[in-house]
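Asker: pasting the structure only:
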């Protein structure tokens, strides 16, 4: 079984899987020359060189190391210390931290000397189906809070587990993440409902309070207007570079009629 930690609820990894067998399996695959970089290639295509990437649930560090070799600033995080020890010994060129995803915060990462915000968070290799049952939404919320404005998260898992693609869609929507793309493999095979694997790329629909800076008081104003019901937002497709007019925009109508002045001011300022 996976190494059990005393803090936090037991994960499915700890009750159903085995760290030693997992590490040995991938060591055999690597020795046989198998392609183990599919996840890294996928993520690499999403961002420019030198991006910050969080490998959440990094296991033995194969994706962490592969993205590091591709020139990104990567941190691998896993709750299982035994797996992180293997990662450190096998791929010492990469950076790692032992931490529960449920309690991972920007402050905790910064205190450990790592970036506090990331261009991409990747949850590869069945991470979401191996967290503690019922905590998947909370994990997604934690990952959302670690993204830079406009950042993306990618989750890949088998579709025959207790946690389903429909569950991911519900949880993503609940924490303000929109599914932008979905594939049946890390090699971009088209998605279908009978696929055995799902690779979902999501993006935050709103700038979080953590991401505000003193030069962005208008974002705080707009957030306050939305949270009070003065304005609402409608999710639209993400913009390409330089195309700001397709970002989520506020509506000037509410259930109680035309928006007051606060709504008008907030609605005039687009999200970055």
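Answerer: Okay, I see it. Source: prediction; values computed, not measured.
Asker: When you work out contacts or count neighbours from here on, use the C-alpha atoms and nothing else.
Answerer: Will do.
Asker: State which strand of the protein is the longest.
Answerer: Using DSSP state E to define each element, the chain has its longest strand at strand 147-158.
Asker: which residues sit against that one?
Answerer: 43, 117-129, 143-144, 186, 196-204, 207, 211, 272 (C-alpha atoms under 8 Å, 6 or more residues apart in numbering).
Asker: where exactly do the helices run in the stretch 51-200 of the chain?
Answerer: Ranges of helices in the stretch 51-200 of the chain, per DSSP state H, counting those that start in this stretch, are 62-69, 81-90, 106-111, 127-130, 136-144, 165-174.
Asker: would a markdown table of those helices with mean neighbour count and mean pLDDT be doable?
Answerer: Compiled in a markdown table, the helices of the stretch 51-200 of the chain are given as follows (neighbours: other C-alpha atoms under 10 Å; pLDDT from 0 to 100):
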| stretch | mean neighbour count | mean pLDDT |
| --- | --- | --- |
| helix 62-69 | 23 | 95 |
| helix 81-90 | 18 | 93 |
| helix 106-111 | 14 | 97 |
| helix 127-130 | 22 | 94 |
| helix 136-144 | 21 | 97 |
| helix 165-174 | 16 | 97 |
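Asker: could the ones you listed go into JSON lines alongside distance to residue 54?
Answerer: Putting the helices of the stretch 51-200 of the chain into JSON lines (distance: least, C-alpha to C-alpha, whole Å) gives the following:
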{"stretch": "helix 62-69", "distance to residue 54": "8"}
{"stretch": "helix 81-90", "distance to residue 54": "14"}
{"stretch": "helix 106-111", "distance to residue 54": "10"}
{"stretch": "helix 127-130", "distance to residue 54": "13"}
{"stretch": "helix 136-144", "distance to residue 54": "9"}
{"stretch": "helix 165-174", "distance to residue 54": "18"}
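Asker: Nearest to residue 10, out of these?
Answerer: helix 127-130 (10.0 Å; C-alpha to C-alpha).
Asker: other SSEs contacting that closest one?
Answerer: The contact analysis (3 or more C-alpha pairs under 8 Å, 6 or more residues apart in numbering; DSSP states H and E) places helix 127-130 against helix 12-16, strand 147-158.
Asker: Mind checking the pLDDT average for the shortest one?
Answerer: Think helix 12-16. For helix 12-16, mean pLDDT is 73.
Asker: pLDDT weak spots in the protein?
Answerer: 1-7, 13, 16-27, 29-31, 33-36, 206-272 (pLDDT under 70).
Asker: what about 80?
Answerer: 1-8, 12-37, 205-272 (pLDDT under 80).
Asker: In it, what residue spans correspond to strands?
Answerer: Going by DSSP E, the chain shows strands at 52-56, 73-78, 95-98, 118-123, 147-158, 177-183, 197-204, 232-234, 249-251, 253-254, 257-258.
Asker: Dump those strands into a markdown table; add mean neighbour count and distance to residue 191 as well.
Answerer: Shown next, in a markdown table, are the strands of the chain (neighbours: other C-alpha atoms under 10 Å; distance: least, C-alpha to C-alpha, whole Å):
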| stretch | mean neighbour count | distance to residue 191 |
| --- | --- | --- |
| strand 52-56 | 27 | 23 |
| strand 73-78 | 24 | 28 |
| strand 95-98 | 20 | 32 |
| strand 118-123 | 25 | 18 |
| strand 147-158 | 22 | 12 |
| strand 177-183 | 18 | 4 |
| strand 197-204 | 23 | 7 |
| strand 232-234 | 15 | 25 |
| strand 249-251 | 19 | 29 |
| strand 253-254 | 14 | 36 |
| strand 257-258 | 12 | 41 |
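Asker: Serialize those to a markdown table and add fields for distance to residue 137.
Answerer: A markdown table is the format used below for these (distance: least, C-alpha to C-alpha, whole Å):
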| stretch | distance to residue 137 |
| --- | --- |
| strand 52-56 | 15 |
| strand 73-78 | 18 |
| strand 95-98 | 21 |
| strand 118-123 | 13 |
| strand 147-158 | 13 |
| strand 177-183 | 11 |
| strand 197-204 | 14 |
| strand 232-234 | 22 |
| strand 249-251 | 25 |
| strand 253-254 | 28 |
| strand 257-258 | 33 |
